[in-house]
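> Kindly generate the corresponding structure for this input.
(2 chains)
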Amino acid sequence: MTEIPAHLLKRAQEARDKAATDSGAGTATSGATSDSRIPEELLNRSKAAGGVVVAERVATGVATTAPNGNSPLGTGPGGHTQRLLTVVKSGSIQDVKAVPVDKVHTWPHLLGPEFVAALACTAFTFLFSWFVNAPLLQAANFNQTPNPSKAPWYFLGLQELLTMFHPMIAGVTIPGVALIALMLAPYMDRNPSNKPEDRKFLTSIFTVHLMFWAVLVIIGSFFRGPGFNFTFPWRDGIFFDL
Amino acid sequence: MALTIDEQPKLTPKERATKLNQSLKGSQAWNSIFRPGSIFRKGYTDSPRNRSYVIMNSVLYHLHPVKVKRHAVKVSYTLCLGGLSFFLFILLTVTGIFLMFFYRPTATNAWQDIQSLQTSVTFGLMVRNMHRWGAHLMVLSVFLHMARVFYHGAYKAPREFNWVIGVILLTLTLLLSFTGYLLPWDQLALWAVTVGTNMMGYSPVIGSQVRFVLLGGVEIGAETLLRWYVLHVLLFPFITVIFLAVHFWRVRKDGGISGPL
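Sure, this is the predicted structure:
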């Protein structure tokens, strides 16, 4: 047999002694207040219904309450076939996590605007295409390098950087770091708030970067002429095809 | 001419239309096409139940949940930028398929094909213009979508991974646009791509190898055109569609769009 450690036996004895003194004190107080877990108004309601006070019944035990003469076996003294065992207050064992959210039907509240936006987008593209033709220069000729040669507009920021840095830095390192930093942004930003007033620093940083790229692209597009030298579009014309 | 006594009264056009409509909607073919609850079977009256059915009975619309957060449908919050990016992708797919009928990705034919597409194909110039401007617009709208999401802090938990997918989609959009840039095979295309790919060659370790594979040689040539054509019309759209699917799926799984602020 397993030997029970002495300190556990001692602790059990202490608990038993404590329980004995508690029950002694409990019998001295009135029945209604002895079991504080049952709300007062329920005990009162039970009393008013003419039944035996629950706490008393629990104390005396079911067997000692003699059933009335004509009530069926197993019923309480008032003829009740049910009795209150316990009252579980909400929140003690269940935790409601779902918070009701204010929602609307996707049709028509979302599909409507989406449809209008798609139509507007098509209309804009159509009209723009009506008035402005896509460029088609002379057929590709390997022996004739146009001056200036420009990348598509979204890479002109990079081409602009090429004038300042080594190609390894401008063409690979800077865009690579930018792309990786962009991907890691949610993991580096430890601020849980999405309120603009809590994110002033990051918002500024991001805006500065956007402006930086926008300025580079604009310079590369409109302010670079033959030899990729700086020009003014209003003086020398625009060297840019979309 | 004498009328026979038991001839049926002549139906008015309206009655005839009603009868036709009824027999059509009662037919097995019709009922097999439209699911039970479809508004094409029982008509549409505005009720919460029917509003749900509109979404549930359409393979296209059920990318959406039946209900969305009230603040999420405010145009001022999203500016429709994500939706417009996707719509432009569809527009570019449709116009791109049209262009494929008239284009051969060979150094001898490519430019000539674009030229004759513009001059002798009905709507050829218009469709090419729409494809070109739509592409630039898509780069712009994807970029603005990213900025919008950043300013709203919408990349924060639980949406971190969807942001990463979004950055990948931005890269794919740039790649799609850049590969398409070469296809007209004119001076603009050739030299813009030359400038772009020269930068690529400076990547450490793998730079020149990647450049060689992408160009199909050490310099841009006829092989490059074929490679970039396949990348542009097949490989990149294929990868993009996969990432788009994950992107949309994650929007719903992460509890709809972010906010309100």
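
> Let me see the ranges of the strands in chain A.
A:103-105 (DSSP state E).

> Go ahead and flag the most central residue of it.
In chain A, the centroid-proximal residue (C-alpha atoms, centre = their mean) is A:Pro192; its distance is 9.6 Å.

> how about low-confidence regions in the chain?
Unless you meant another one, I'm taking chain A. A:1-2, A:24-37, A:50-77, A:90-96 (pLDDT under 70).

> My question was about chain B, not that one.
Applying pLDDT under 70 to chain B flags the ranges B:1-6.

> so where do the strands sit in it?
B:67-69.

> Spatially central residue in it, please.
Mean-position check on chain B, C-alpha atoms, centre = their mean. Result B:Ile90 at 1.8 Å.

> distance of that one from chain A?
9 Å (C-beta to the nearest C-beta, to the nearest Å). Every C-beta, even on glycine, is put in place using the N, C-alpha and C of the backbone.

> and the gap between that residue and A:Ala120?
Note on B:Ile90: its distance to A:Ala120, by C-beta to C-beta, to the nearest Å, is 15 Å.

> now A:Gly220
30 Å.

> out of those two, which sits in the busier spot?
Legend: neighbour count by other C-beta atoms under 10 Å in any protein chain shown for A:Gly220 and A:Ala120, higher for A:Gly220 (24 against 12).

> can you tell me which residues contact the nearest residue to the more buried one once chain neighbours are set aside?
Among residues not flanking A:Gly220 along the chain, A:Leu156 sits closest, at 3.2 Å (C-beta to C-beta, 6 or more residues apart in numbering or on different chains). Applying C-beta atoms under 8 Å, 6 or more residues apart in numbering or on different chains to A:Leu156 gives the contacts A:Lys150, A:Leu216, A:Val217, A:Gly220, A:Ser221.

> Out of these, which comes closest to B:Arg35?
A:Val217 (49.3 Å; C-beta to C-beta).

> which residues sit in contact with the closest one?
Residues counted as contacts of A:Val217 (C-beta under 8 Å, 6+ apart) are A:Trp153, A:Tyr154, A:Leu156, A:Gly157, A:Glu160.

> pretty sure the second one is touching B:Thr173, no?
Right, A:Tyr154. No. Contact criterion C-beta atoms under 8 Å: A:Tyr154 and B:Thr173 do not qualify, at 9.3 Å.

> quick one: common contacting residues for these two?
By the contact definition C-beta under 8 Å, 6+ apart, A:Tyr154 and B:Thr173 are jointly contacted by B:Val139.

> which of the two has more neighbours?
B:Thr173 (23 against 17).

> wait, what's in contact with that one?
If you count contacts by C-beta under 8 Å, 6+ apart, then B:Thr173 has B:Ser85, B:Met138, B:Val139, B:Val142, B:Thr240 around it.

> Return the member of those nearest to chain A.
B:Val139 (5.5 Å; C-beta to the nearest C-beta).

> Thought B:Ser177 was touching that closest one, still the case?
Yes. Look at B:Val139 against B:Ser177 with C-beta under 8 Å: they come within range, at 5.4 Å.

> any residues in contact with both of those two?
With C-beta under 8 Å, 6+ apart, B:Val139 and B:Ser177 have common neighbours A:Tyr154.

> now the helices for the chain?
Picking chain A for this. A:6-28, A:31-34, A:40-48, A:54-60, A:106-109, A:111-131, A:156-162, A:167, A:174-188, A:200-222, A:233-236 (DSSP state H).

> To clarify, I was referring to chain B.
Going by DSSP H, chain B shows helices at B:13-26, B:28-33, B:39-42, B:48-56, B:75-78, B:81-100, B:110-120, B:124-151, B:160-182, B:187-200, B:207-215, B:222-230, B:236-253.

> Dump the ones you listed into CSV; add distance to A:Asp198 as well.
Putting these into CSV (distance: least, C-beta to C-beta, whole Å) gives the following:
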stretch, distance to A:Asp198
helix B:13-26, 57
helix B:28-33, 53
helix B:39-42, 45
helix B:48-56, 35
helix B:75-78, 18
helix B:81-100, 23
helix B:110-120, 52
helix B:124-151, 13
helix B:160-182, 18
helix B:187-200, 38
helix B:207-215, 42
helix B:222-230, 45
helix B:236-253, 24
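
> nearest to A:Thr81, of these?
Per C-beta to C-beta, nearest to A:Thr81 of the helices of chain B: helix B:48-56, 43.0 Å.

> Give me the contacts around the closest one.
By C-beta under 8 Å, 6+ apart, helix B:48-56 touches A:105-108, A:111, B:37-39, B:44, B:61-62, B:64-67.

> So which of these wins on neighbours?
A:Thr106 (24 neighbours).

> measure that residue to B:Ile39 for me?
For A:Thr106, the distance to B:Ile39 - C-beta to C-beta - is 14 Å.

> thinking again about what came up before, who wins for proximity to B:Pro9 among the helices of chain A?
Nearest of the helices of chain A (C-beta to C-beta): helix A:106-109, 42.3 Å.

> gap between the closest one and the chain center?
The chain centre lies 24 Å from the centre of helix A:106-109; the measure is C-alpha atoms, centre = their mean, to the nearest Å.

> ok, that helix near chain B or not?
Yes. Using C-beta under 8 Å from any C-beta of the partner chain, helix A:106-109 reaches chain B at A:Thr106, A:Trp107, A:Pro108, A:His109.

> on that earlier part again, what two of the contacts of B:Thr173 are the furthest from one another?
So, the contacts of B:Thr173 by C-beta to C-beta: farthest apart are B:Val139 and B:Thr240, at 13.0 Å.

> if you skip the residues just before and after it, what's nearest to the residue nearest to the centre of chain A?
Closest to A:Pro192 by C-beta to C-beta, 6+ apart is B:Lys156, at 6.6 Å.

> Neighbours of that neighbour, how many?
19.

> do the one 10 residues further on as well
Using other C-beta under 10 Å, B:Gly166 has 25 other residues around it.

> Please apply the same query to B:Leu190.
26.

> for B:Ala154, same thing?
By other C-beta under 10 Å, neighbour count at B:Ala154 equals 21.

> tell me the contacts of the residue nearest to it when sequence neighbours are not counted?
Leaving aside its sequence neighbours, B:Ala154 sits nearest to B:Ser258 (C-beta to C-beta, 6+ apart; 3.7 Å). B:Ser258 makes contact with A:Asn194, B:Val149, B:His152, B:Gly153, B:Ala154, B:Lys156, B:Arg159 under the criterion C-beta under 8 Å, 6+ apart.
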